[in-house]
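K.L.:
The sequence and its predicted three-dimensional model are supplied below.
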Amino acid sequence: MSTPRLVVHRDKELMAQAAAARLITKIVDAQAARGSASVVLTGGRNGNGLLAALGSAPARDAIDWSRLDLWWGDERFLPEGDPERNVTQAREALLDGVPLDPARVHAMPASDGPHGSDVDAAAAAYAAELAAAAGLDGHGGVPAFDVLMLGVGPDTHVASLFPELPAVRETERTVVGVRGAPKPPPTRISLTLPAIRAAREVWLLAAGEDKAEAAAVALSGAGEVQAPAAGARGRSRTLWLLDAAAASELPRSLYPPSSA
Ligand SMILES: O=C(O)[C@H](O)[C@@H](O)[C@H](O)[C@H](O)COP(=O)(O)O
């Protein structure tokens, strides 16, 4: 697993804009190299802020939207179209404004979909969809994601993997149902750490004072069960994209030289 590298930006707006520019370049390079790109989106304010920044980026249409596969790291298990669903918020922030191939937008099942209220069946269906798309360069039953993005919770959760809860301890399955999540709504679907760690690159987004303690804990050697963000590593790169407020409690030794 790759060692986390940090980039600290002045504020959360600049972090979102810089992360969006970074994502555009990553997608364009992947499409040039392999003909398509595969990205895992995250819910939350930082994740949606990045999508909104991408939508207003001058270079956004350097991306061939028709050759982009989008997946989700987690989803709130709510009815289709619920404003609290991550896919609903992503559509509003960006997706409805760009010419994606609908067949390549892989939303996680809703609670009024074919699996009804059975969140475990819905999670298993998404795992099967990932496995079917894994292909020859897939890894551990999921596609070789070019970038997997994760917002970081104040308690160090990523996706819907919360400290000490069963989902963060999962070592076999790639997708699980989550009940009793401390962040509402309580029922969710989430990629597991094995699925997250199959990604080529994992980018963790942490902006705001309320993430300072989580960043410091996750980057200071905490275990992944106590601090799930600590276990979110990419096969070739792990990048923490922070603003100064979220980086304010990091040990000075962890600060990247450029932001000293
Ligand atoms: O479904 C969700 O709620 C998200 O996927 C969750 O993991 C989020 O990314 C973090 O809680 C950070 O959220 P903020 O960026 O809003 O702080």
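P.N.:
Received, thanks.

K.L.:
give the contact list for Leu14.
P.N.:
By C-beta atoms under 8 Å, 6 or more residues apart in numbering, Leu14 lies in contact with Asp243. For every residue, glycine as well, the C-beta is placed using N, CA and C.

K.L.:
residues in contact with stretch 78-89?
P.N.:
With C-beta under 8 Å, 6+ apart, stretch 78-89 has contacts from 41-44, 47-48, 72, 74-76, 95, 107-108, 110-113, 185.

K.L.:
anything in it sitting right up against the ligand?
P.N.:
Yes. Applying C-beta under 6 Å from any ligand atom, one finds stretch 78-89 touching the ligand at Asn86.

K.L.:
burial of the residue lying closest to Ala134 once chain neighbours are set aside, as a residue count?
P.N.:
Distances taken as C-beta to C-beta, 6 or more residues apart in numbering place Pro143 nearest to Ala134, at 5.4 Å, with adjacent residues excluded. Neighbours of Pro143 under the rule other C-beta atoms under 10 Å: 22.

K.L.:
Tell me how far Pro143 lies from Met149.
P.N.:
Note on Pro143: its distance to Met149, by C-beta to C-beta, to the nearest Å, is 15 Å.

K.L.:
Hmm, Ala206 and Ser46 touching each other?
P.N.:
Heads up, residue 46 is Asn, not Ser. Yes. Between Asn46 and Ala206 there is a contact under C-beta atoms under 8 Å: 7.0 Å.

K.L.:
Quickly list what's touching both of the two.
P.N.:
151-152.

K.L.:
So out of everything in the stretch 151-260 of the chain, what residue is nearest the ligand?
P.N.:
In the stretch 151-260 of the chain, no residue comes nearer to the ligand than Gly151, which is 2.3 Å away by C-beta to the nearest ligand atom.

K.L.:
List the contacts of that residue.
P.N.:
Contacts of Gly151 (C-beta under 8 Å, 6+ apart): 42-47, 158, 204-206.

K.L.:
redo that, cut-off 7 Å
P.N.:
Contacts for Gly151 (C-beta atoms under 7 Å, 6 or more residues apart in numbering) come out as 42-44, 46-47, 205.

K.L.:
Around the ligand, which positions in the stretch 151-260 of the chain sit nearby?
P.N.:
When proximity is defined as C-beta under 6 Å from any ligand atom, the stretch 151-260 of the chain approaches the ligand at 151-153, 157-159, 183.

K.L.:
Kindly reformat the contacts of Gly151 as JSON lines containing pLDDT and neighbour count.
P.N.:
Converted to JSON lines, the contacts of Gly151 look like this (pLDDT from 0 to 100; neighbours: other C-beta atoms under 10 Å):
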{"residue": "Thr42", "pLDDT": "98", "neighbour count": "24"}
{"residue": "Gly43", "pLDDT": "98", "neighbour count": "25"}
{"residue": "Gly44", "pLDDT": "98", "neighbour count": "21"}
{"residue": "Asn46", "pLDDT": "98", "neighbour count": "26"}
{"residue": "Gly47", "pLDDT": "98", "neighbour count": "23"}
{"residue": "Leu205", "pLDDT": "98", "neighbour count": "27"}
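
K.L.:
Which of these fall in strands?
P.N.:
Members of those lying in strands (criterion: DSSP state E): Leu205.

K.L.:
what two of the contacts of Gly151 are the furthest from one another?
P.N.:
Within those, two members stand farthest from each other by C-beta to C-beta: Gly43 and Leu205, at 10.9 Å.

K.L.:
Quick one: residues contacting Ser160.
P.N.:
By C-beta under 7 Å, 6+ apart, Ser160 lies in contact with 74, 167, 178, 181, 188, 190.

K.L.:
For ChimeraX, write the select line for the buried members of those residues.
P.N.:
In ChimeraX, this line selects whichever of the contacts of Ser160 come out buried by 16 or more other C-beta atoms under 10 Å:
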select :74,167,178,181,188,190
